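Engineer: Any chance you can model this:
(one chain, ligands or ions: 2)
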Amino acid sequence: MPAALHAPDLRSMSLEELAVLVERMGEKPFRARQLFRSIHHRGAASLDEMTDLPRAFRERLAGETRLTTLAVDAVQRSSDGTRKYRLRTGDGKFIEAVYMPEEPGPDAFDPEADEEDDPGRKRVRRTLCVSTQVGCAMGCGFCMTATMGLVRNLTAGEIADQVYRVNADLRDETGTEERALPATGRSRRAEASIEERALPATGRSRRAEASIEERALPATGRSRKAEAPIDAQRPLTNLVYMGMGEPLHNYVNVKRSLDLLLHPEGANFSHRHVTVSTSGLVPNIQRLGEETRVKLAVSLNATTDEQRAKLMPVDKKWNIAALIDACRKFPMKYGRRITFEYVLLKGVNDTDADARRLADLLAGLPAKVNLIPYNENPGLGFGDPGAERVQAFRRILEGRGFAAMVRKNRGRDISAACGQLAVAGQKEAPIRLGVRA
Ligand code: SAH
Ligand code: SF4
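Structural biologist: Ligands and ions are numbered 1, 2, ... in the order given. Okay, the predicted model is just below:
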């Protein structure tokens, strides 16, 4: 008999908590480590896969606990190698995670990601953008996720499992772990591509254009990136907490997920390769700095409180001065910088004066700026300023000595920009959530 939904979730438990559980069940202490490694190092999808555990123990675990595993509902692939995963939770909610393979270079998603490792060494990064909530409570006017409101927080196990499901899918491709996976009739990949074909091709003119553009590009850089070989030992190298939801509004579960994902007996991500993005929940920025060593990204998006409060209601609670002050106090390792994300919205926050004010605000901070041309959402009333304006904005920042990169619109043909994933997904999904107008 499978355990009920309220039973403790093995995927969300620390090694220490598993040790207590194992002891209570009268099992040998080393079973805790074995369980933890199965769940977080191998990313097992079910207890049945843990054949190194005695059957009787597995049966007892199945009766008294549960193991959160997300179902891969659909995978959409972009011509630039980006993949959008729509994942289903145990209670039928849909979340999305976006995979972005990328070679190093000035236009890379995070050009300084490896500067602490070895400045001379360049490696291919395979980054996953994970969600932390179903929906979001923060109400930013330009963001599709905001239109859902907050449906619920994701558990630590659900945050971590996004990594394990995508790792498994990428490994499938290399063919190495195929035998280790249970032989369920149809492969997940086959199911996903069937779903992809079934997705309606309506209302996508922009995305369709983008994919035509991409196909028309010469088969250099881009196509090589799409074919970047996947290392079966380490399919994903970097994580960004920039998907659906506000990570610092779900602090406890996010912190727990970081502990799980960075654990040396688990997926063993380095804090150097993990970035948490926030819209500016000041007290929890401080807490994140005290309790973790991961990198910080801040969605600033405006340069005056008048402007920012209109776009991001969080500014009414913690204004720009409080936010910048929290950034100044954020513990920084040598050579590390805070990323300031700045979504460029046509005629709203994209003028030369905005760029100059942005440089003034960040003066003296170890900062780099990530300019994000707005990925238009029909109905929200904001527009993309266009490449020329974006470059002019960038040049002003660079003139003031800031590293400023323009985030590529990854996977625009599949609507895969982080932060605007959710609602399109919900619309395509078989079960609709209550989307607030
Ligand atoms: N809630 C967190 C992390 C998720 S949003 C945060 O706000 O930082 C991730 C990023 O996507 C944010 O910088 C946000 O400003 C940006 N974003 C949201 N909607 C977007 C859109 N339609 N186009 C471009 N960027 C968008
Ligand atoms: Fe939430 Fe970030 Fe979207 Fe704002 S931009 S509504 S904080 S997900």
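
Engineer: host element of the residue of the stretch 1-150 of the chain found nearest ligand 1?
Structural biologist: Closest residue of the stretch 1-150 of the chain to ligand 1, CB to the nearest ligand atom: Cys143 (3.9 Å). Yep, even glycine has a C-beta here, placed from its N, CA and C like the rest. Cys143 belongs to no helix or strand when assigned by DSSP states H and E.

Engineer: was I right about it contacting Cys136?
Structural biologist: Yes. At 7.3 Å, Cys143 and Cys136 qualify as touching, with contact defined as CB atoms under 8 Å.

Engineer: that's a helix at Leu260, yeah?
Structural biologist: Yes. Counting by DSSP: H, G, I helix; E, B strand; the rest coil, one finds Leu260 located in a helix.

Engineer: and it, what is it in contact with?
Structural biologist: Shown in contact with Leu260 (CB atoms under 8 Å, 6 or more residues apart in numbering): Ser12, Ser14, His40, Ala156, Gly157, Ala160, Gly266, Ala267.

Engineer: Compile these into a markdown table and extend it with columns for distance to ligand 2, secondary structure and pLDDT.
Structural biologist: Shown next, in a markdown table, are those (distance: CB to the nearest ligand atom, whole Å; DSSP: H, G, I helix; E, B strand; the rest coil; pLDDT from 0 to 100):
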| residue | distance to ligand 2 | secondary structure | pLDDT |
| --- | --- | --- | --- |
| Ser12 | 22 | helix | 98 |
| Ser14 | 27 | coil | 98 |
| His40 | 26 | helix | 98 |
| Ala156 | 19 | helix | 98 |
| Gly157 | 21 | helix | 98 |
| Ala160 | 19 | helix | 98 |
| Gly266 | 26 | coil | 97 |
| Ala267 | 24 | coil | 97 |
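
Engineer: Tell me where the stretch 51-200 of the chain has helices.
Structural biologist: 55-64, 156-174, 188-198 (DSSP state H, counting those that start in this stretch).

Engineer: pull the CA atoms of the first one into CSV?
Structural biologist: Same thing as helix 55-64. Extracted in CSV, the C-alpha atoms of helix 55-64 (Å, rounded to 0.1, in the frame of the first residue of the first chain):
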residue,chain,number,x,y,z
ARG,A,55,13.1,-5.7,-0.2
ALA,A,56,11.5,-5.8,3.3
PHE,A,57,13.0,-2.4,4.1
ARG,A,58,11.8,-0.9,0.9
GLU,A,59,8.3,-2.3,1.6
ARG,A,60,8.3,-0.7,5.0
LEU,A,61,9.4,2.6,3.6
ALA,A,62,6.7,2.4,0.9
GLY,A,63,4.1,1.9,3.7
GLU,A,64,5.3,4.6,6.0
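
Engineer: which parts of it are buried?
Structural biologist: Of the residues in helix 55-64, Phe57, Arg58, Leu61, Ala62 count as buried by neighbour count, 16 or more other CB atoms under 10 Å.

Engineer: same deal with stretch 141-156?
Structural biologist: 142-151, 153-156.

Engineer: same check, this time on stretch 35-44
Structural biologist: Leu35, Phe36, Arg37, Ser38, Ile39, His40, Arg42, Gly43, Ala44.

Engineer: And the contacts of that stretch?
Structural biologist: With CB under 8 Å, 6+ apart as the criterion, stretch 35-44 contacts 10-11, 15, 18, 22, 49-50, 52-53, 67, 160-161, 163-165, 167-168, 180, 260-261, 263, 265-268.

Engineer: got any ranges where the stretch 201-350 of the chain has weak pLDDT?
Structural biologist: 201-228 (pLDDT under 70).

Engineer: interface residues of it facing ligand 2?
Structural biologist: Gly245, Glu246, Ser279, Ser299 (CB under 6 Å from any ligand atom).

Engineer: Which one of those sits in the busiest neighbourhood?
Structural biologist: Highest neighbour count within these, by other CB atoms under 10 Å: Gly245, with 30 neighbours.

Engineer: With adjacent residues omitted, what lies nearest to it?
Structural biologist: Gln133 (2.8 Å; CB to CB, 6 or more residues apart in numbering).

Engineer: pLDDT score for that neighbour?
Structural biologist: Among the per-residue scores, Gln133 shows a pLDDT of 97.

Engineer: Pairing partners for it in the sheet, please.
Structural biologist: Asn153 (DSSP bridges).

Engineer: That one against Leu248, yeah?
Structural biologist: No. Using CB under 8 Å, Gln133 is not in contact with Leu248, being 10.7 Å away.

Engineer: So these two - more neighbours on which side?
Structural biologist: Gln133 (27 against 24).

Engineer: Distance of that one relative to ligand 2?
Structural biologist: Per CB to the nearest ligand atom, to the nearest Å, Gln133 is found 8 Å from ligand 2.

Engineer: likewise Thr147?
Structural biologist: From Thr147 to ligand 2 the distance is 9 Å (CB to the nearest ligand atom).

Engineer: Check the gap between that residue and Arg165 for me.
Structural biologist: Thr147 is 26 Å from Arg165, where distance means CB to CB, to the nearest Å.

Engineer: Check Ala353 too.
Structural biologist: On the measure of CB to CB, Ala353 and Arg165 end up 45 Å apart.

Engineer: again with Thr68
Structural biologist: Taking CB to CB, one finds Thr68 at 11 Å from Arg165.

Engineer: can you count the residues close to Arg394?
Structural biologist: With other CB under 10 Å as criterion, Arg394 counts 18.

Engineer: likewise Ala363?
Structural biologist: So Ala363, with other CB under 10 Å, has 12 neighbours.

Engineer: residue contacts, the closest residue to it other than its chain neighbours?
Structural biologist: In space, and not counting its chain neighbours, Ala363 is closest to Arg400: 8.0 Å by CB to CB, 6+ apart. For Arg400, the contact set (CB under 8 Å, 6+ apart) comprises Arg356, Ala359, Ala363.
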